[in-house]
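> Here is a sequence with its predicted model. Questions after.
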Amino acid sequence: MPVVRIGLRRFQRMVGASRSEILDKLPFIGLDIESSDGEAVRVEYSPNRPDLGTDIGIARSLKGLLGRETGMPVYVVKPSGISVSVDGRLSSVRPCIGAAAVTGLRLDAEDVRQIMSLQEDLHNGLGRKRRVFAIGLHDLERVAPPLSYMVVGPDCSFVPLGSRAPATVGSILTDTPEGRSYGAIIPGRGKYPIIKDSRGSVLSFPPVINGDATRVTEKTRAVLVEVTGTGQGAVDDALAVATTTLAEAGGRIMSVRVERRGSVRETPDLSPVQLPLDTDLIRRVLGLQLTGQEMVEALERSRLSVRRTTVFAARYRVDLMHRVDLAEEVALGYGIWRIGPLYPPSNQPGSFHPFEQFLDAASTVMAGAGMLEMMTFELVDEGSMYARFGRSGAAKVAVHQPRSLEHSVLRDSLIPSLMTALSENVRSDYPQRIFEIGRVYSRVADGVSESWHLGCLVAHSQTSFSEAKMFLEAVCRTLAGAEISAHEAEHWAFAHGRCASVGISGRMVGHVGELSAEAVDAFGLRVPVAGFEVDLRELRKQLK
């Protein structure tokens, strides 16, 4: 979780509240106090609330809860006359950009530190380590508009931030920590995005590094904010958070005209977020029978405004996406400390579900036998589940429009996931003994069935069917107090003639055997592998 350091003396002036009042109420706007030394307090905030990423934004929110300032903050945006032209070749590199100017600032060293910290938190959180967007902050007095967002080659040179000597784009990518960390984000090899001003001075090489010529310091009185990225929505979100934070620091927001072939757009767009006010939903979610007026007052203390049945939020509230989100805002504005605990109507004590206790017991038994527990994804790639074992995927449970090929089907066995784990540890010492307890899925006539399985694999040069069967017998004897019966069988994961079906009291619970040589080779393993997989629901039935 990202952390903000709040100097208490500075913060008292910003909020107009006592130290004890501040420390008492900070947790009730959704912050966790990590530490306090009397002079400063460190608080954690959720990445989905980037507006709380500075003491400036926290003060804005806390003043609402304390009743100092309520309702939605309104930010006036006037045109700056600055424009940025966008090179059409950027469509395959980093196509989206937004920019704004913030003037009339009187920043001190702590303001600069807070804003730079917010910039990095945005990069690492919503920006996904600059993959989605990257923010550049520049001293506007050192910029000569108009600007150009353009494509350059690796020989383009400028003085990067923190340096005194010019360097080429190519050398920045290979010789600097920023280049090695973020250069791979740029998809077009040989095509690199650059922002230049009319004098040819490089402001930014997004998403890698800014130019040193426009560095922001405590002497800066006007800031140019530019955000580049792969999606316009995320770029606009980041720009709104950054510009409104600077406005709260005393600045005036001015728009920048973004010109691309065939279109012109003024940024930032600070149009309020609008959500319907569903009073019945809020009462049902919170369990509080609040009147409409009480809800309105609570929302205003959360720095929102209400007109009839619509709630308006400032553009920096990028976390508000659904009407149910307003229930949390009502709770915060109403005062979490005012909501008393309510015990459930039942007088029965809580307890663990018996099947969960059985799963825990199975895990304990396996760990006690010297096994290492794995926890893998239930969504897997089709290749490891079917192709590497020579299986047909006709009955697979596929995901509709998967986001990644690595998570395209629901697994119907634990063995492929465990084999993948072994393949990623081929350089570790042997023997390797691993297990997993997890859900698997299979197609049935009326849909998809779900069951819990226990899978185990043992890998070393001397492993065999007998070793795997020994572990399985110990598990069944300890968990169910039953002896197993094994009968020769065929299974897609195990070698012909080295596999058996396992039954208890006439009911089949799984299979045990040695993995086929083809499967071992397909996963890049260099030692034999044996193991078993059993249905824990069937095994638990033996306890009854």
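In hand now; what should we look at?

> hey, let's count contacts and neighbours off CA atoms from now on
OK.

> What residues does Phe377 make contact with?
Counting by CA atoms under 8 Å, 6 or more residues apart in numbering, Phe377 touches Ser417.

> So for Leu543, what's the pLDDT?
Here the pLDDT value assigned to Leu543 is 66.

> Work out the gap between the strand or helix carrying Val306 and the centre of the chain.
Assigned by DSSP states H and E, Val306 belongs to strand 304-307. Distance of strand 304-307 from the chain centroid (CA atoms, centre = their mean, to the nearest Å) equals 30 Å.

> so what does that strand touch, helix or strand wise?
Other elements packing on strand 304-307 under the criterion 3 or more CA pairs under 8 Å, 6 or more residues apart in numbering; DSSP states H and E are helix 292-301, strand 310-313.

> who wins for proximity to Gly183 among the ones you listed?
strand 310-313 (36.2 Å; CA to CA).

> Next, the buried residues of the closest one.
311-313 (16 or more other CA atoms under 10 Å).

> Of all the helices and strands packed on strand 304-307, which one is nearest Gln119?
So among the helices and strands packed on strand 304-307, strand 310-313 is nearest, using CA to CA, at 22.1 Å.

> neighbouring contacts of the closest one?
By CA under 8 Å, 6+ apart, the list of residues contacting strand 310-313 reads 72, 272-277, 303-306.

> One more pass at 10 Å, please.
Outside strand 310-313, the residues that touch it by CA atoms under 10 Å, 6 or more residues apart in numbering are 71-74, 271-278, 296, 299-300, 302-306, 320, 323, 326.

> Same question for stretch 154-165.
Stretch 154-165 is contacted from outside by 166-173, 176, 189-192, 194, 200-205, 208-215, using CA under 10 Å, 6+ apart.

> what's the residue closest to the geometric middle of this protein?
For the chain, Gly125 is the residue whose C-alpha lies nearest the centre (CA atoms, centre = their mean; 6.9 Å).

> Tell me if I'm right that Lys191 and Val151 touch.
Yes: taking contacts as CA atoms under 10 Å, Lys191 lies within contact range of Val151: 5.9 Å.

> got any residues that touch both of those two?
With CA under 10 Å, 6+ apart, Lys191 and Val151 have common neighbours 89-90, 93-94.

> out of these, which are buried?
90, 93-94.

> So what's the gap between stretch 111-124 and the chain middle?
18 Å.

> Quick check: buried residues in that stretch?
Going by 16+ other CA under 10 Å, stretch 111-124 has these buried residues: 111-112, 114-124.

> would you turn those into a markdown table with secondary structure, distance to Ala144 and pLDDT?
Output for the buried residues of stretch 111-124, formatted as a markdown table (DSSP: H, G, I helix; E, B strand; the rest coil; distance: CA to CA, whole Å; pLDDT from 0 to 100):
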| residue | secondary structure | distance to Ala144 | pLDDT |
| --- | --- | --- | --- |
| Asp111 | helix | 25 | 94 |
| Val112 | helix | 22 | 94 |
| Gln114 | helix | 27 | 95 |
| Ile115 | helix | 23 | 96 |
| Met116 | helix | 23 | 95 |
| Ser117 | helix | 27 | 95 |
| Leu118 | helix | 26 | 95 |
| Gln119 | helix | 23 | 95 |
| Glu120 | helix | 26 | 94 |
| Asp121 | helix | 29 | 94 |
| Leu122 | helix | 27 | 95 |
| His123 | helix | 26 | 95 |
| Asn124 | helix | 30 | 92 |
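
> before we move on, the earlier item: can I get the buried ones among the shared contacts of Lys191 and Val151 in a markdown table including secondary structure and distance to Ala445?
A markdown table is the format used below for these (DSSP: H, G, I helix; E, B strand; the rest coil; distance: CA to CA, whole Å):
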| residue | secondary structure | distance to Ala445 |
| --- | --- | --- |
| Leu90 | helix | 50 |
| Val93 | coil | 47 |
| Arg94 | coil | 47 |
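
> Switch the residues you listed over to JSON lines; also include pLDDT and distance to Ile185.
JSON lines is the format used below for those (pLDDT from 0 to 100; distance: CA to CA, whole Å):
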{"residue": "Leu90", "pLDDT": "93", "distance to Ile185": "14"}
{"residue": "Val93", "pLDDT": "91", "distance to Ile185": "9"}
{"residue": "Arg94", "pLDDT": "92", "distance to Ile185": "9"}
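
> Could you say which helix or strand holds the nearest residue to Leu359 once chain neighbours are set aside?
Nearest non-adjacent residue to Leu359, counting by CA to CA, 6 or more residues apart in numbering: Ile437, 7.5 Å away. Secondary structure from DSSP H and E places Ile437 in strand 432-444.

> And the helices and strands packed on strand 304-307: which comes nearest Val264?
Between Val264 and these, the tightest spacing by CA to CA is seen for strand 310-313, at 26.2 Å.

> mind exporting the closest one as CSV, just the C-alpha atoms?
Once non-C-alpha atoms are left out, strand 310-313 reads as follows in CSV (Å, rounded to 0.1, in the frame of the first residue of the first chain):
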residue,chain,number,x,y,z
THR,A,310,-28.1,12.8,-9.1
VAL,A,311,-24.9,12.9,-7.2
PHE,A,312,-22.0,14.9,-8.6
ALA,A,313,-18.3,14.2,-7.8
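
> ok so, going back, quick one: secondary structure of the residue lying closest to the residue nearest to the centre of the chain once chain neighbours are set aside?
Ranked by CA to CA, 6+ apart and with sequence neighbours excluded, the top spatial neighbour of Gly125 is Pro47, at 5.8 Å. At Pro47 the chain is in coil, as set by DSSP: H, G, I helix; E, B strand; the rest coil.

> again, but for the one 4 residues further on
Taken by three-state DSSP, the conformation at Asp51 corresponds to helix.

> Could you check how many residues crowd around Ala101?
29 (other CA atoms under 10 Å).

> just to revisit the earlier point, Serialize the shared contacts of Lys191 and Val151 to a markdown table and add fields for distance to Arg403.
Output for the shared contacts of Lys191 and Val151, formatted as a markdown table (distance: CA to CA, whole Å):
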| residue | distance to Arg403 |
| --- | --- |
| Arg89 | 27 |
| Leu90 | 24 |
| Val93 | 21 |
| Arg94 | 21 |
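
> Closest to Ile22 out of those?
The shortest approach to Ile22 among these belongs to Arg94, at 42.5 Å (CA to CA).

> Contact partners for that closest one?
With CA under 10 Å, 6+ apart, Arg94 has these contacts: 131-133, 151, 185-188, 191-193, 206-207, 228-231.

> ok, of the residues you listed, which come out buried?
Buried residues within these, counting neighbours by 16+ other CA under 10 Å: 131-133, 151, 185-186, 191-193, 206-207, 228-230.

> got the buried residues for the helix or strand where Ser466 lies?
According to DSSP H and E, Ser466 maps onto helix 465-480. If you call a residue buried by 16+ other CA under 10 Å, then helix 465-480 has these buried ones: 465, 467-469, 471-476, 479-480.

> Sounds good, over and out.
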